[in-house]
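Participant: Provide a 3D model corresponding to the input given below.
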Amino acid sequence: LGSKPSAARLFITADSSFRLFVNGAFVHRGPARCAPEDQSYDILDIAGLLRRGKNVLAVLAHHNGVPTALHGLGRPGFLCQLEVTAGGKTQIFVSDASWRVNATKAWSANSPQQKTSKGGGGGNLSIGAPLPPNPFGRGFIEEVNLSLVDPTWTAMDFDDSKWVEASVVSHAYGWPTRYDEPGANVRPWITLVPRDLPYLKETPVRATGIHSTSEVIEYEKLSSDSDLSMIVAQDIVVPLEFCKVSGTAQWKSGRGPLILHNSDLRDENVIANGIRSVRVILDIGDGMNGYARLDIEGSKGAIADITYGPHLVGNQIAVTLQGARNVDRLILSGGRDVWEAEDWRFFRYMGITVRDAVEPVRLHWAGMTRIGYPFEEKGRFSSDSSSLDALWKAGAKTVRIVTTDAYQDNYREQLQYHQTGYYSTRANWAAFGDPYLQRRLLIQGSQAQAPSGLMPPAYPGSIPGKTVSSIIESNLFYVCQFHDYLLRSGGFEPARL
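Facilitator: Sure, this is the predicted structure:
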C-alpha cells in the first residue's frame, strides 16, 4: 500500500471454518454456524491493522468433510474480498489464484469425530414410525504433529515460495455456457448471507487450579491406534510414585511453569517398575465454552494427551462421557509449542498426560480461549426470597453457558434445537432482552423446512427438506417461538421469509 489506509473492509468466509491473521497477529475466527445453502460470512474493519507498504493476510482454513452441528456439508473452499481506501484511491483484493496455499500434514486426516449420532426415531416404517434424522456430529479429535507446524507461517517475512498457487473453484458445467471465470457460482458460494448477530467475545482463561496429580502405568492396549479416546480410556491411573510434578506454587501464582517429570527410562528401572507417564488434572474454575490452548515445551516426539470434562467421575476425567471422545493428542516439536484447538468444547477440567518424554516437560500456559455471546444484562429481579433470587441468577448463568452463536446443547451435541432454544429464549428475554439469537434460530429453522411443512428438530446438522422430524413437537416449539418473538421484539422480519 502506498500509504496507511483510511478504510479497509474485509468480507470473509470458509467451508467449514477459518482463523484469520493480519501481519502476524490473530484477528478473528468464523464463520457463524450455518448450512452451505445459506453460507454466512463476516465483515471486518481491519484498517487499524494495515500499514504503509507490505501487508500479509494469512488464513488457517479447515473443511470438516462431514456435516456437523455447526456447519452442513458443502464444497471445501475459502472466499474473501478486501476493499482498501488509501491516498484517496480504493483497491479491491480477492481470493484468487494469486494466493499461495499449503495443505498441512501436521493434523491427522484419520482422526474420528468427537461425537457422532444417528439421531432418534426409527421403528417399524410399515406402521408409519418416523425416520431418524440424518447423522450429525461434533468436530474432530485433533492429533497434531507440531514438528510439522512452522510457527512463523503467519509472519510478514515468511517465505511462501514453496507453497503452491491456490486453485480457483469454478462451475465446470452449465447451460448455455460454462462458468470458467471465478466467482460465487458453486455451492456453498451461491447464497451468501452477511452475519446477522454480534461477534462472540473471546477471553483467555488460565487453568490455575491443580486438582490432582498422578501417574499412568503404560502397557499394550487392546484397541487400535485409530481411536485415541479408547486408548486413553484404558489408562491405569495410580498415585505418584516414580513420576514427579514440580513448580506447583509458581504455577498457581502465575510466576513460572509447571514441570512434569516422567519415570526414569533406564533399563533397570523399566524392568523393575515399568514405564510410568505423569498426569495432571487442571481446573479452570467453572464450566465454560472455549478453544483449548497450551503453551508447552518438551523433547521432540514427546506426547501430550489432553482430556476434557465438565465434571469428574471417580476423581478422573471420563474420556468417553456421554458417548463423546473428549481427548486430543499433541506430538511435541522439541521447542516451545503453542497450540489452540480448531473446535471449541465445553469443559471445566483439563487433563494432561505426558508420554514418551525423555526429559521434563514444561507447561508454560494451559486453559482455554473462552468464547461467549456478548449479552448485556438488562433485566433485574429481587425479592424477599433467597431461593427465588438464586433461581434468577441460575437462569441467567445457564443462558450464558448454553450460548455461543446459538442456543445449543453445548456439551453433548452442540446442536441448535427448537425446543431447548424456546426455553433459553424465554430466560434471555427476561435477563438480557437480546433479539438476534432467536431471530436467527427462526430464520435457520425455516431454511430447513420440508415441502410437507415439517422441520427437523435442529439445524444446521440436518439436510434441509429431506430430514423428517423424529421430534415432531419441535414444530410446535417453532410456532411458539415465532409468537414470542413477535410479542417481544416488535419486529416482523421473519414473517416475510
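Participant: quick check, pLDDT for the residue nearest the centre of the chain.
Facilitator: When the chain is reduced to its mean C-alpha position, the closest residue under Cα atoms, centre = their mean turns out to be residue 343, at 2.5 Å. We have a pLDDT of 94 for residue 343.
Participant: can you give me the strands in the stretch 201-350 of the chain?
Facilitator: 201-206, 209-217, 236-238, 244-246, 258-261, 276-297, 303-309, 327-331, 336-340, 345-355 (DSSP state E, counting those that start in this stretch).
Participant: adding mean neighbour count, write those strands out as TSV.
Facilitator: Every residue, glycine included, has its C-beta placed from N, CA and C. As requested, the strands of the stretch 201-350 of the chain are arranged in TSV below (neighbours: other Cβ atoms under 10 Å):
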stretch	mean neighbour count
strand 201-206	13
strand 209-217	18
strand 236-238	14
strand 244-246	16
strand 258-261	22
strand 276-297	21
strand 303-309	23
strand 327-331	22
strand 336-340	17
strand 345-355	23
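Participant: out of the ones you listed, which comes closest to residue 482?
Facilitator: Taking Cβ to Cβ as the criterion, strand 276-297 is the member of the strands of the stretch 201-350 of the chain that comes nearest to residue 482, at 27.1 Å.
Participant: what's the angle from that closest one to strand 303-309?
Facilitator: For the pair strand 276-297 and strand 303-309, the angle between their directions (axes from the mean of the first three to the mean of the last three Cα atoms, to 10 degrees) equals 90 degrees.
Participant: just list the residues touching residue 363, thanks.
Facilitator: Residue 363 makes contact with 251, 257-260, 280, 294-296, 352, according to Cβ atoms under 8 Å, 6 or more residues apart in numbering.
Participant: closest to residue 438 among these?
Facilitator: Where the contacts of residue 363 are concerned, and distances follow Cβ to Cβ, residue 438 has its nearest neighbour in residue 294, at 36.1 Å.
Participant: correct me, but the closest one touches residue 328?
Facilitator: No: taking Cβ atoms under 8 Å as the contact criterion, residue 294 and residue 328 are not neighbours in contact, 9.4 Å apart.
Participant: what sits in contact with each of these two?
Facilitator: Counting by Cβ under 8 Å, 6+ apart, the contacts common to residue 294 and residue 328 are residue 306.
Participant: how close does residue 376 get to residue 485?
Facilitator: When Cβ to Cβ, to the nearest Å is the yardstick, residue 376 and residue 485 sit 19 Å from each other.
Participant: compare those two (neighbour count), which wins?
Facilitator: The neighbour comparison of residue 376 against residue 485 (other Cβ atoms under 10 Å) goes to residue 485, with 22 against 8.
Participant: the more buried one: what secondary structure?
Facilitator: Three-state secondary structure (criterion: DSSP: H, G, I helix; E, B strand; the rest coil) places residue 485 in helix.
Participant: now it. Nearest residue, chain neighbours left out?
Facilitator: Taking Cβ to Cβ, 6 or more residues apart in numbering, and ignoring the residues beside it in sequence, residue 485 has residue 438 as its nearest neighbour in space, at 5.3 Å.
Participant: same question, residue 293
Facilitator: residue 340 (4.5 Å).
Participant: check contacts around that neighbour.
Facilitator: Neighbour list for residue 340: 291-293, 369 [criterion: Cβ under 8 Å, 6+ apart].
Participant: let's see that with 10 Å instead.
Facilitator: With contacts taken as Cβ atoms under 10 Å, 6 or more residues apart in numbering, residue 340 has the following neighbours: 19, 26, 29, 60, 290-295, 368-369.
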